[in-house]
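**Q** I'll drop the sequence and a predicted model, then ask my questions.
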Amino acid sequence: MPELPEVETTKLGLERLIVTQIIQSVDILYPSLRWIIPVHLSHCLNDLQILGISRVAKYILLEFNQGDLIIHLGMSGSISVVKQIETLQKHEHFVLNLKNGNSMRLKDPRRFGAVLWQNKGDTHPLLANLGLEPLSSAFNTKYLYSTFKGKKRSIKALIMDSKIVVGVGNIYVLEALFMAKISPLMPVNELSKKQTSQLIKTIKTVLKNAIKQGGTTLKDFSRVDKQAGYFTQELQVYGRANQPCLSCSDIITRVVQNNRSSFYCPSCQQY
DNA sequence: CTAAGGACCTGTCGGC
DNA sequence: TGCCGACAGGTCCTTA
């Protein structure tokens, strides 16, 4: 479900609701997410204060004196903060009960998400070898162009590779490629420096806009405050197979690429 | 080393 | 109305 903008939106929503709060108890209702939720979390977080919240790639980190609770939303995850007395919903697998009477609940129907822990000073292996943050200044034309060397894979697959750049998922990579007029099928070693520069710009623009709008809602993304995001209406190509291109009216094509759907305009986005 | 495909899950939607 | 297949925002791991 969530790409970087959705995770960022979740983080921002959580910040004022849980930072400085103290944990009363933890409920692990269904430990089998992508990895088993560590059992020790069910007691060792009690009485600890949440000191801060941050985002690394698509991971949300809740910071404690002793280390960080790492949360990934996978494909279908969402987090809400509600009164403890509210009835537990289906697929709410992990709950932090706070001393102020609220609960932070992780809901994840498909269970591709994760809840992990890293001790103070340690870096969890999953966070150890990540590529650059797309909105950082280090993610620039020089960097991206240098990653093309010796590679024949498609530009779409490369941008979605978290060892190169993190957080850009299936929707936003296709939107950015459309905006940059580059086919998702284009082999990276055939891209010019100018096209690379253009793509850097459109990736940043698309992500920033989506964050500003509060994240995409395709089907079931919901913010911490339960309001939907509003980005859906902004999508230019994603999900628009067989519909006219909004730029040239040619018909948008859908292809399967690395087992994921790609959408592009065969006229605007030359291969 | 690179690159592609499978696997992990449940829910929803369209077609018959 | 019900059943069945296709598809869905991620990404690690295995295979070639």
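**A** Looks like it came in fine.
**Q** who in the stretch 101-250 of chain A is up against DNA strand B?
**A** Proximity of the stretch 101-250 of chain A to DNA strand B is confined to A:109, A:110, A:111, A:112, A:150, A:151, A:152, A:153, A:154, A:157, A:158, A:219 under the rule Cβ under 7 Å from any atom of the strand. Just so you know, the C-beta spots here come from the backbone N, C-alpha and C atoms, and that holds for glycine as well.
**Q** ok, which pair from these is furthest apart?
**A** A:109 and A:150 (40.4 Å; Cβ to Cβ).
**Q** between the two, point out the one with more neighbours.
**A** Comparing residue A:109 with residue A:150 by other Cβ atoms under 10 Å, the one with more neighbours is residue A:109, at 17 against 7.
**Q** which residues touch the more buried one?
**A** A:76, A:90, A:91 (Cβ atoms under 8 Å, 6 or more residues apart in numbering).
**Q** among the residues you listed, which are in reach of DNA strand C?
**A** By Cβ under 7 Å from any atom of the strand, the members of the contacts of residue A:109 lying near DNA strand C are residue A:76.
**Q** got JSON lines for the contacts of residue A:109, with distance to residue A:196, neighbour count and pLDDT too?
**A** Shown next, in JSON lines, are these (distance: Cβ to Cβ, whole Å; neighbours: other Cβ atoms under 10 Å; pLDDT from 0 to 100):
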{"residue": "A:76", "distance to residue A:196": "33", "neighbour count": "18", "pLDDT": "95"}
{"residue": "A:90", "distance to residue A:196": "45", "neighbour count": "6", "pLDDT": "96"}
{"residue": "A:91", "distance to residue A:196": "41", "neighbour count": "17", "pLDDT": "97"}
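**Q** residues touching the residue in chain A positioned nearest to DNA strand C, list them.
**A** Per Cβ to the nearest atom of the strand, the residue of chain A with the smallest distance to DNA strand C is residue A:169, at 2.1 Å. Neighbour list for residue A:169: A:2, A:3, A:4, A:160 [criterion: Cβ under 8 Å, 6+ apart].
**Q** what about the third one, how many residues close to it?
**A** The one in question is residue A:4. Residue A:4: 23 surrounding residues under other Cβ under 10 Å.
**Q** again, but for the second one
**A** By the measure other Cβ under 10 Å, the count of residues near residue A:3 is 22.
**Q** ok, the nearest residue to it once chain neighbours are set aside to residue A:215 distance?
**A** Residue nearest to residue A:3 in three dimensions, not counting chain neighbours: residue A:169, with 3.6 Å by Cβ to Cβ, 6 or more residues apart in numbering. Distance from residue A:169 to residue A:215, counting by Cβ to Cβ, to the nearest Å: 12 Å.
**Q** who touches both of these two?
**A** residue A:2.
**Q** now do the nearest residue to residue A:124 once chain neighbours are set aside against DNA strand B, distance only.
**A** Distances taken as Cβ to Cβ, 6+ apart put residue A:118 closest to residue A:124, at 4.2 Å, once the chain neighbours are dropped. Look at residue A:118 and DNA strand B: by Cβ to the nearest atom of the strand, to the nearest Å, they are 22 Å apart.
**Q** number of nearby residues for residue A:118?
**A** Residues near residue A:118, counting by other Cβ under 10 Å, number 16.
**Q** for it, give me its contacts.
**A** Neighbour list for residue A:118: A:67, A:68, A:70, A:124, A:127 [criterion: Cβ under 8 Å, 6+ apart].
**Q** with residue A:186 instead?
**A** Contact analysis of residue A:186 by Cβ under 8 Å, 6+ apart lists A:154, A:155, A:271.
**Q** now with 6 Å, please.
**A** Applying Cβ atoms under 6 Å, 6 or more residues apart in numbering, we find residue A:186 in contact with A:155, A:271.
**Q** ok, now how distant is it from residue A:257?
**A** Residue A:186 sits at a distance of 11 Å from residue A:257 (criterion: Cβ to Cβ).
**Q** how about residue A:16, secondary structure?
**A** With DSSP: H, G, I helix; E, B strand; the rest coil as the basis, residue A:16 sits in helix.
**Q** then residue A:262?
**A** strand.
**Q** give me the number of neighbouring residues for it.
**A** Number of residues near residue A:262 (other Cβ under 10 Å) recorded here: 23.
**Q** now swap in residue A:204 and tell me
**A** Here the number of neighbours of residue A:204 (other Cβ under 10 Å) works out to 16.
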